[in-house]
Each structure stands twice: as C-alpha cells, then as structure tokens.
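S.K.: only geometry, no sequence info:
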C-alpha cells in the first residue's frame, strides 16, 4: 500500500514498506479522533474508489487497528454494498446486468442511515452488508454503538457529483480515494466472480461490460477526494472491494 505524497525513506526494505505505510494510514485516521477540530461528536470517514480497489480491506484494517488501540467499538464499518438492491428488485427493474452501477443501489436509504449515524448517539445502529456467496445484501451485520466515535463508510460512488451522493459527502469529515492499478483490480474481480459461481468466460464478460464502465466513472470523481491511498497486496488472501 502506498499513500500519495508519503515520504517514506527509500532505504526502507521493501518487506517493511506495507506495514510502515499502513501505520501512516492508521495514524491519519486516529488524527480525525484526536487532532484539531475533532470535538466530542461522531466522525465519519469515507473511502471511495473503483470496484476491487481495496476499500473494504482498508476499512476493516482501520476498524480493527483503531479498536485495538482505542478500545472496543471505537470504530465501526458501514459499507455501501449493504445497500445493493436485491436481485428480485434488480430483475423487476431490468437492471441485473448493471449490478454495481449507481442506479442499482438504494442510495437514499444509505443517506438516511448515514444521517442517523451522524445524529443519533443514544441507540445501537445496525448497518447491512453484502454477502458475496448469496450475491445479496444482508441486514444488520454491522453494529454502531452509542460510544462509537469513528464510522468508516466505503463505496464506489461516495465522491459522485450528483444527489444524493453529494448529500452523503457533506456528512464526511474526510473522503479518501482508494486506488489500485487496473490489472490488479481485474485479477481480483475475476477471482471474486468465479468464486461466486460464474465460469471464467462469463466473469470476464461481466468485467468488460459492467465493472470497467463503472470503474471509469468512479475514476472521474477522484479529484473530489481529500487524499489518495494506493493499495498493493497489504492484506494477502483478502477479497478487496
């Protein structure tokens, strides 16, 4: 993983660089809790980026490490993927081939939960997730406790320039752009789709016809983000989203 603009010494051994840069990313996230302007309220950090750039992997890394250092439930994960429309709804709308495009999410439902996350410090809040084995969203997999101070939300379209994405962006303290090279993302997407039951030829068609156009659109939103994190294989064996 490489952070744009990082000044890691060139003499650092290659095997140490991923850990060193991961530490830099964690420290920046912790700065949102303890730095100037942090206050006592809840902070929401957003991660945007193309499919399979590593957003979910980075969100899990940050959540786990911040909870290890600051105490259980200090940080929580809220993925946009939990707001995928169900396959039944996609079939009703004729959108199954476009699954993963902006119009295949319940964007207003996502915004409603994000607003509640920002305002409600008195109740447990539950966030849905996406199950890649079922290929469906599942309810209430993620928990945000009243004392949770940092919520890390991630999804392809958090930097998109149209409503309701812009309304969601306004709730974020920072928005980072998570980036990986196209060949790495294509390899991850092929592994993801074939693990979900598609044969390799169908998976490649899905990448060419759907994932690549979605990624091209997401790439145009990069300039709206505050910081760029370039991911490498910093979490081997994971399924980066």
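M.R.: Happy to help now that I have it. Note that this is a predicted model, so its numbers are computed, not measured.

S.K.: how close does residue 158 get to residue 110?
M.R.: 10 Å (Cβ to Cβ, to the nearest Å). From N, CA and C alone the C-beta is placed, and that goes for glycine too.

S.K.: and the spatially most central residue of the chain, which helix or strand is it part of?
M.R.: Nearest to the centroid of the C-alpha atoms of the chain, with distances taken as Cα atoms, centre = their mean, sits residue 154, at 2.5 Å. For residue 154, the host element (DSSP states H and E) is strand 150-155.

S.K.: so what sits against both of residue 158 and residue 110?
M.R.: Shared contacts of residue 158 and residue 110 (Cβ atoms under 8 Å, 6 or more residues apart in numbering): 80, 168.

S.K.: element containing residue 205, please.
M.R.: Applying DSSP H and E, one finds residue 205 within helix 200-206.

S.K.: helix or strand next in line after that helix, which one?
M.R.: helix 212-219.

S.K.: and that next one, what's buried?
M.R.: 212, 214-215, 218 (16 or more other Cβ atoms under 10 Å).

S.K.: what helices or strands is it leaning on?
M.R.: Applying 3 or more Cβ pairs under 8 Å, 6 or more residues apart in numbering; DSSP states H and E, we find helix 212-219 packed against no helix or strand.

S.K.: tell me the mean pLDDT over that helix?
M.R.: When pLDDT is averaged over helix 212-219, the result is 97.

S.K.: cool, stretch 85-105 as well?
M.R.: Rounded mean pLDDT across stretch 85-105 is 97.

S.K.: in that stretch, what's buried?
M.R.: In stretch 85-105, counting by 16+ other Cβ under 10 Å, buried: 85, 90, 95, 98-101, 104-105.

S.K.: check stretch 146-166 too.
M.R.: 148-160, 165.

S.K.: same question for stretch 199-210.
M.R.: For stretch 199-210, a neighbour-count test (16+ other Cβ under 10 Å) marks 203-204, 206-207, 210 as buried.

S.K.: and stretch 127-144, by the same measure?
M.R.: Neighbour counts over stretch 127-144 (16+ other Cβ under 10 Å) mark 127-130, 137, 142, 144 as buried.

S.K.: how many neighbours does residue 69 have?
M.R.: Per other Cβ atoms under 10 Å, the neighbour tally for residue 69 reads 11.

S.K.: you'd agree it is up against residue 33?
M.R.: No - using Cβ atoms under 8 Å, residue 69 is not in contact with residue 33, being 10.1 Å away.

S.K.: secondary structure element holding the nearest residue to residue 148 once chain neighbours are set aside?
M.R.: Among residues not flanking residue 148 along the chain, residue 76 sits closest, at 4.8 Å (Cβ to Cβ, 6 or more residues apart in numbering). Using DSSP H and E, residue 76 maps to strand 75-79.

S.K.: and that strand, what does it pack onto?
M.R.: Counting by 3+ Cβ pairs under 8 Å, 6+ apart, the packing neighbours recorded for strand 75-79 are helix 55-70, helix 107-119, strand 125-131, strand 136-144, strand 150-155.

S.K.: could you point out which element follows the helix or strand of the chain with the lowest mean pLDDT?
M.R.: One helix or strand of the chain scores below all others by mean pLDDT, DSSP states H and E: strand 2-3, with a mean of 58. Later in the chain than strand 2-3, the nearest helix or strand by DSSP H and E is helix 17-34.
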